[in-house]
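**Student:** Curious how this folds, go ahead:
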Amino acid sequence: MTDRLSDVDFGVDSLLDTAPCGFIAFADDGTIRAANATLCDLLGYVRDELQGRRLESILNLGSRIFYQTHFFPLIRLQGSAEEIFLLLRSKNGDDVATLCNAVRRQRAGEWITDCVFMRVYERQKFEDALLRAKNAAEEANEQLERQAMELEMSEQQLLEQGEELLLEVLVVVEAPEPARGLELGEREAARRAGARLGDRGLLRLRGGGRLLLFAGAPRAERGVGGGVFAAFVQVARSPYLLGIVAFVVLMTWVSTFLYLEQQAFVAKVFHSTDERARFFAGIDFWVQAASLTIQFLLFGRLFKWFGMRSLLAAVPLLMTAGYAVFALAPTFMVLVLVYAVRRVADYAITRPCRDSLFTVVSREEKYQAKSLIDTFAYRGGDAVSGSLYKALTGGLGASPAAIGWLGAVIAALWTVLALALGRAFQRRGSAVRTEA
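**Tutor:** Here you go, the predicted model:
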């Protein structure tokens with residue numbers, strides 16, 4: 001048994017040390033100030049090994065990310081959290097499932113978060129059973145999709161064989177002037193048939209007429225190949241995809257800094273949960289309403305008037321100005337306005353433009369690399385920016401104005417990258433149209 005807590009450590013009697021639950025007190029920078037004997041025994045540590053360490057060191061990878069992006073921001077915002085599921089990492093590397101209740105209060109001039117951990121057994125069994133059922137359902141669904149794909153491929157092969165027989169001679173046009181070519185309707189029919197049959201069109205001139213022939217075996221559409229790491233290889237080999245990765249990472253940094261800064265301000269301005277809920281509900285309503293209005297009524301016109309490159313750089317440029325204004329006037333209302341504008345612009349402009357960037361890549365990159373960027377790069381950038389914000393504000397004591405200037409610099413880099421990415425998109429689009 002580890003040594004017991006003293007009254008000096010916690011200001012409570014020794015019952016807490018042997019309570020049937022784990023207990024940890026940690027500072028805002030994550031440093032563990034104290035832990036009771038129950039938690040030490042549960043994780044296999046001696047008390048001296050825990051005190052002074054970071055809380056993230058006793059969490060598994062998933063719980064670390066959840067702690068940085070959700071758990072600690074929630075505690076700072078509301079002052080408490082209840083029934084949070086966390087996986088603790090024991091000294092020998094085993095995961096220990098727990099439910100955590102936490103409350104944040106100020107003691108001796110320092111903000112301290114007290115956490116109580118209750119070990120759970122049945123919940124883990126229940127979640128394992130749900131996971132097995134989910135995997136079985138996904139396997140059955142994949143089998144049905146494979147069967148449907150096989151039927152679709154068989155149908156496509158039959159259609160292509162019919163096209164080869166019926167369209168062997170598609171159009172015969174007699175034209176006294178060869179330069180006039182095919183009539184519009186016949187030309188469109190030939191173009192569509194050529195797109196279906198592949199590169200098998202043969203145009204021959206005979207006197208004053210034109211004969212369009214199609215020959216050769218149908219070209220079956222191949223599936224998307226590659227292994228588990230194919231998307232990583234595609235991104236690493238393509239400067240264009242690497243640019244999209246950097247664009248997404250900088251976008252998450254700009255967003256996360258504003259989000260966490262707003263959380264800190266809200267915790268100071270509103271003192272009750274109901275007030276905070278009404279505030280966020282009002283902001284979300286107007287953000288969604290403005291986003292839908294711009295997407296349905298304005299985005300198409302904006303895209304037509306200004307083009308892809310200008311729209312892609314518009315939001316980063318707007319955020320550069322917004323962060324600079326916040327740095328000069330770091331008030332709550334300025335922050336709320338800047339963050340609301342960022343959300344509306346992201347939903348209505350940045351997201352459609354970001355998806356359009358993948359219209360000029362290969363089929364494999366569109367289905368594999370895009371999924372990697374939308375998940376791994378996006379969530380990775382979110383986690384890294386959350387950790388950086390915590391280090392700046394908690395470790396270095398950065399002020400809101402300093403966060404504003406740093407955000408302006410990041411947004412400026414984002415703007416430069418958006419312009420370069422827009423130029424690359426235009427070049428790729430021109431190359432695709434030339435090949436077509």
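**Student:** in what helix or strand does residue 412 lie?
**Tutor:** helix 400-435 (DSSP states H and E).
**Student:** my bad, should have said residue 88
**Tutor:** In the assignment (DSSP H and E), residue 88 maps to strand 80-89.
**Student:** What are the buried residues along that strand?
**Tutor:** Buried residues in strand 80-89, counted by 16 or more other CB atoms under 10 Å: 81, 84, 86, 87, 88, 89. Heads up, the C-betas are built off the backbone N, CA and C, glycines and all.
**Student:** follow-up on the earlier one: state the mean pLDDT of the helix holding residue 412.
**Tutor:** In this model, helix 400-435 has a mean pLDDT of 84.
**Student:** returning to that earlier point: strands paired with the helix or strand that comes right after the strand holding residue 88, and their directions?
**Tutor:** Per DSSP H and E, the first helix or strand lying C-terminal to strand 80-89 is strand 95-107. Strands that pair with strand 95-107, judged by DSSP bridges, come out as strand 80-89 (antiparallel), strand 110-119 (antiparallel).
**Student:** can you give me the offset of strand 95-107 from its chain's centre?
**Tutor:** 27 Å (CA atoms, centre = their mean, to the nearest Å).
**Student:** From the rest of the structure, what touches it?
**Tutor:** The contact list for strand 95-107, computed with CB atoms under 8 Å, 6 or more residues apart in numbering, reads 22, 42-43, 60, 71, 75-76, 79-90, 111-121, 123-124.
**Student:** returning to that earlier point: for the strand holding residue 88, which outside residues touch it?
**Tutor:** Residues contacting strand 80-89 (CB under 8 Å, 6+ apart): 42-43, 57-60, 62-63, 66-67, 71, 74-75, 95-104, 117, 120, 123.
**Student:** rerun at 7 Å
**Tutor:** 43, 58-60, 62-63, 71, 74-75, 95-104, 117 (CB atoms under 7 Å, 6 or more residues apart in numbering).
**Student:** Could I get the average pLDDT for that strand?
**Tutor:** Mean pLDDT, strand 80-89: 90.
**Student:** Stretch 316-334 too?
**Tutor:** Stretch 316-334 comes out at a mean pLDDT of 88.
**Student:** What residues sit buried inside that stretch?
**Tutor:** For stretch 316-334, by 16+ other CB under 10 Å, it's 316-320, 322-327, 330, 334.
**Student:** Let's have the residues you listed in JSON lines, adding secondary structure.
**Tutor:** JSON lines is the format used below for the buried residues of stretch 316-334 (DSSP: H, G, I helix; E, B strand; the rest coil):
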{"residue": "316", "secondary structure": "helix"}
{"residue": "317", "secondary structure": "helix"}
{"residue": "318", "secondary structure": "helix"}
{"residue": "319", "secondary structure": "helix"}
{"residue": "320", "secondary structure": "helix"}
{"residue": "322", "secondary structure": "helix"}
{"residue": "323", "secondary structure": "helix"}
{"residue": "324", "secondary structure": "helix"}
{"residue": "325", "secondary structure": "helix"}
{"residue": "326", "secondary structure": "helix"}
{"residue": "327", "secondary structure": "helix"}
{"residue": "330", "secondary structure": "coil"}
{"residue": "334", "secondary structure": "helix"}
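**Student:** part of a strand, is residue 25?
**Tutor:** Yes: read with three-state DSSP, residue 25 is one of the residues of a strand.
**Student:** what sits against it?
**Tutor:** Residue 25 is in contact with 33, 34, 112, 114, counting by CB under 7 Å, 6+ apart.
**Student:** Heading C-terminal from the helix or strand encompassing the first one, find the next helix or strand.
**Tutor:** Under DSSP H and E, the secondary-structure element containing residue 33 is strand 32-35. Downstream of strand 32-35, the first helix or strand assigned by DSSP H and E is helix 37-43.
**Student:** per-residue confidence averaged over that next one?
**Tutor:** Helix 37-43 comes out at a mean pLDDT of 91.
**Student:** Any buried residues in it, and which?
**Tutor:** 37, 38, 39, 40, 42, 43.
**Student:** swap in stretch 95-107?
**Tutor:** 96, 97, 98, 99, 100, 102, 104.
**Student:** Tell me the one of those residues nearest residue 261?
**Tutor:** Taking CB to CB as the measure, residue 261 lies nearest residue 104 of those, at 18.0 Å.
**Student:** Could you find the closest non-adjacent residue to the closest one?
**Tutor:** residue 113 (4.5 Å; CB to CB, 6 or more residues apart in numbering).
**Student:** I figured the one you found hits residue 26, correct?
**Tutor:** Yes: if you go by CB atoms under 7 Å, residue 113 and residue 26 touch, sitting 5.6 Å apart.
**Student:** just how off-centre is the helix or strand where residue 268 lies within its chain?
**Tutor:** Per DSSP H and E, residue 268 falls inside helix 239-269. Helix 239-269 sits 11 Å away from the centroid of its parent chain (CA atoms, centre = their mean).
**Student:** What of stretch 334-344?
**Tutor:** 19 Å.
**Student:** thinking again about what came up before, helices and strands around the helix holding residue 412, which ones?
**Tutor:** Secondary-structure packing of helix 400-435 (3 or more CB pairs under 7 Å, 6 or more residues apart in numbering; DSSP states H and E): helix 239-269, helix 299-328.
**Student:** Which parts of the longest one count as buried, going by neighbours?
**Tutor:** When you say that, I think you mean helix 239-269. Under 16+ other CB under 10 Å, the buried positions of helix 239-269 are 240-241, 243-267.
**Student:** and of the buried residues of stretch 316-334, the nearest to residue 400?
**Tutor:** residue 330 (3.8 Å).
**Student:** Excluding chain neighbours, give the residue nearest to that closest one in space.
**Tutor:** Nearest to residue 330 is residue 400, by CB to CB, 6+ apart, at 3.8 Å.
**Student:** residues in contact with the residue nearest the centre of the chain?
**Tutor:** Closest residue to the average C-alpha location of the chain: residue 378 at 3.4 Å, with CA atoms, centre = their mean. Residue 378 makes contacts with 248, 252, as judged by CB under 7 Å, 6+ apart.
**Student:** would you say it is within a helix?
**Tutor:** Yes: counting by three-state DSSP, residue 378 is found in a helix.
**Student:** Quick check: it vs residue 249, distance?
**Tutor:** Relative to residue 249, residue 378 is positioned 8 Å away (CB to CB, to the nearest Å).
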